[in-house]
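S.K.: what's the 3D shape of this:
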Amino acid sequence: MRSASMPPAAGTGLEPGFRGVICASFGAGDTAGQHTGVQPRHDLRFQAANHEALTELRSALGRSHVGVRLVLAGPPADIRAAAAAAAECGLQQEEITLLNDETAPRVIYCPHCHTTTKTVRPAGSEVQCQGCATSLATTDHFSRRMGAYLGYSAHAEEAS
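M.R.: Next comes the predicted model:
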């Protein structure tokens, strides 16, 4: 699902050599209030940062020129996955603005079974891993590589 506020080139979705601001929203995220000044703006809208969405984002970035800026809005896991895809395309951290939807569920990575669990609980709380049922302590440490917050066994230091 996508909407563009500037006319796309025939069949491409974005003019070759675009140099402006690409705004990508995920889920309920919204970049509508993000002021981009006089620079041309291209809006993309996705339900989630799935393979198809990230492929479309990479394609748009591939058609742009040096100097393009990227604004990402939505749940932290989605915008971080999109930021990682943008970095693969050559964008620097300074060229990307992240607008976190802090009310969205957090994705917690389990180092024991390598699965992820979604939760609305804040950092410092415990959540049961959906993969191995380990009680995980949640942290504020976000892994860009994993696209999730890191969890660890909440009771690892207790004697059994």
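S.K.: how many neighbours does residue 146 have?
M.R.: As a burial measure, the neighbour count of residue 146 was computed by other C-beta atoms under 10 Å and equals 18. C-beta coordinates here come from the backbone N, C-alpha and C atoms, glycine included.
S.K.: is the nearest residue to it once chain neighbours are set aside in a bridge, and if so with what?
M.R.: Spatially, and ignoring its direct neighbours in sequence, residue 146 is nearest to residue 109 (4.7 Å; C-beta to C-beta, 6 or more residues apart in numbering). When bridges are assigned using DSSP bridges, the partners listed for residue 109 are residue 116, residue 150.
S.K.: going forward, begin numbering at 7 instead of 1
M.R.: Sure thing, new numbering starts at 7, so read that last one as residue 115.
S.K.: quick one: residue 115 from residue 146, how far?
M.R.: 13 Å (C-beta to C-beta, to the nearest Å).
S.K.: Okay, strands next: where are they in the protein?
M.R.: Counting by DSSP state E, residue ranges of the strands within the chain are 27-32, 47-52, 75-80, 102-106, 112-115, 122-125, 132-134, 141-149, 154-159.
S.K.: buried sites along stretch 101-117?
M.R.: Across stretch 101-117, burial judged by 16 or more other C-beta atoms under 10 Å covers 102, 103, 105, 107, 110, 112, 113, 114, 115, 116.
S.K.: pretty sure the residue nearest to residue 152 contacts residue 124?
M.R.: No - assessed by C-beta atoms under 8 Å, residue 115 is found out of contact with residue 124, at 11.2 Å.
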